[in-house]
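Visitor: everything below, folded, please.
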Amino acid sequence: MGAIIWLASYPKSGNTWLRAFLHNLLTNPRTPARPDELARFTLSENDKGWYDRVNGAPVDGLGSAETIRMRPAVHRLMTASGPDSVFVKTHSYLGEAHGTPLISMDVTAGAIYVVRNPLDVVLSMTAHYGIDVARAIETINTPRESVADAAHVVEVMGTWSRHVESWTARPNPGLLVVRYEDLLAKPRKHFSAVAGFLGLKPSRERLDRAIRFCAFKTLRRLEERHGFRERSPNAPRFFRTGRAEQWREKLAPEQVRRIVEAHREQMSRYGYVPEGF
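Guide: Model (predicted):
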């Protein structure tokens, strides 16, 4: 039994990309891992199956408060899924809901947090959820829970700013914060930092292979060939372009202004406020 290493992010910020890198780095396959293989290596903390096990019966029909109160028991159960620390994906903010900690610190070994420019997050959300830009902006500006479905229970995200601040405001040696844009611009440097944070010293060849195997063009090709169960029914594909600053081509100045006004403090911390706003 180990503890949990959280792979945390606001939705559509690069969590799955990070999972793909870690899977390819640690399993060291001869060919790139198919997207659906990621679930075998990294757990998802809103996977309904864990809550069914803790509840002793399907949790269908239970309210969000009832399932959220199961989270500490679910997290302990996850740590028993293997002899070593386990990677668990989460989109929950670091705080409480319904009187329950959303992240159980007593079974936590550490966390990697991926932050992405919210100007690009809203564009990724439009494609993934099948919504327009106005609705996406409203989504990141409004405290919210995810919607439970047949396979997942709710996660509590809060606003984009609350999410980022909750995880990153207090530096901690057990926390690594990485910008999505830095992973794109200098993948060897920043993915190497991820490996180093985990106490790993992969050879340059192994590191480069893992980076190559999780490249967006590779992930898109694998999804086209094999599918990906995490793809939204509202989107033709999960893996899109994987580019930064797409907002410059697609957002109107008033849309940029609405996002900056709502999130200026946290955007400033990560260099995301455009000149003139």
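Visitor: using PDB, list the CA coordinates for the longest helix along the chain.
Guide: Assignment by DSSP state H gives helix 253-269 as the longest helix of the chain. The C-alpha atoms that make up helix 253-269 are tabulated as PDB, following Å, rounded to 0.1, in the frame of the first residue of the first chain:
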ATOM      1  CA  PRO A 253     -11.500  41.700 -27.400                       C
ATOM      2  CA  GLU A 254     -14.600  41.900 -25.300                       C
ATOM      3  CA  GLN A 255     -14.400  38.100 -24.600                       C
ATOM      4  CA  VAL A 256     -10.800  38.500 -23.600                       C
ATOM      5  CA  ARG A 257     -11.700  41.400 -21.300                       C
ATOM      6  CA  ARG A 258     -14.400  39.400 -19.500                       C
ATOM      7  CA  ILE A 259     -12.000  36.600 -18.800                       C
ATOM      8  CA  VAL A 260      -9.200  38.900 -17.600                       C
ATOM      9  CA  GLU A 261     -11.500  40.900 -15.400                       C
ATOM     10  CA  ALA A 262     -12.700  37.800 -13.700                       C
ATOM     11  CA  HIS A 263      -9.300  36.100 -13.300                       C
ATOM     12  CA  ARG A 264      -6.600  38.900 -13.400                       C
ATOM     13  CA  GLU A 265      -4.900  38.000 -10.100                       C
ATOM     14  CA  GLN A 266      -4.200  34.300 -11.000                       C
ATOM     15  CA  MET A 267      -3.600  35.100 -14.700                       C
ATOM     16  CA  SER A 268      -0.900  37.600 -13.600                       C
ATOM     17  CA  ARG A 269       0.900  35.100 -11.500                       C
END
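Visitor: any idea what sits nearest Ala262, other than its immediate chain neighbours?
Guide: Asn141 (4.6 Å; CB to CB, 6 or more residues apart in numbering). C-beta here means a position set from N, CA and C on the backbone, and glycine is covered the same way.
Visitor: what packs against the strand or helix carrying Thr218?
Guide: Element membership for Thr218, per DSSP states H and E: helix 216-226. With contacts taken as 3 or more CB pairs under 8 Å, 6 or more residues apart in numbering; DSSP states H and E, helix 216-226 sits against helix 15-27.
Visitor: contacting residues around the helix it packs on?
Guide: 7-9, 32-33, 35, 37-38, 41-42, 87, 89, 91, 112, 114, 178, 180, 183, 191, 194-195, 200, 202, 206-207, 209-211, 213-214, 216, 219, 230, 238, 242 (CB atoms under 8 Å, 6 or more residues apart in numbering).
Visitor: can you select the buried ones among those for me in ChimeraX?
Guide: Burial among these is assessed by 16 or more other CB atoms under 10 Å; the matching ChimeraX selection reads:
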select :7,8,9,32,33,35,37,38,41,42,87,89,91,112,114,178,180,183,191,194,195,202,206,207,209,210,211,213,214,219,238,242
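Visitor: inside strands: which ones of the contacts of helix 15-27?
Guide: Counting by DSSP state E, the part of those found in strands is 7-9, 42, 87, 89, 112, 114, 178.
Visitor: much appreciated, bye for now.
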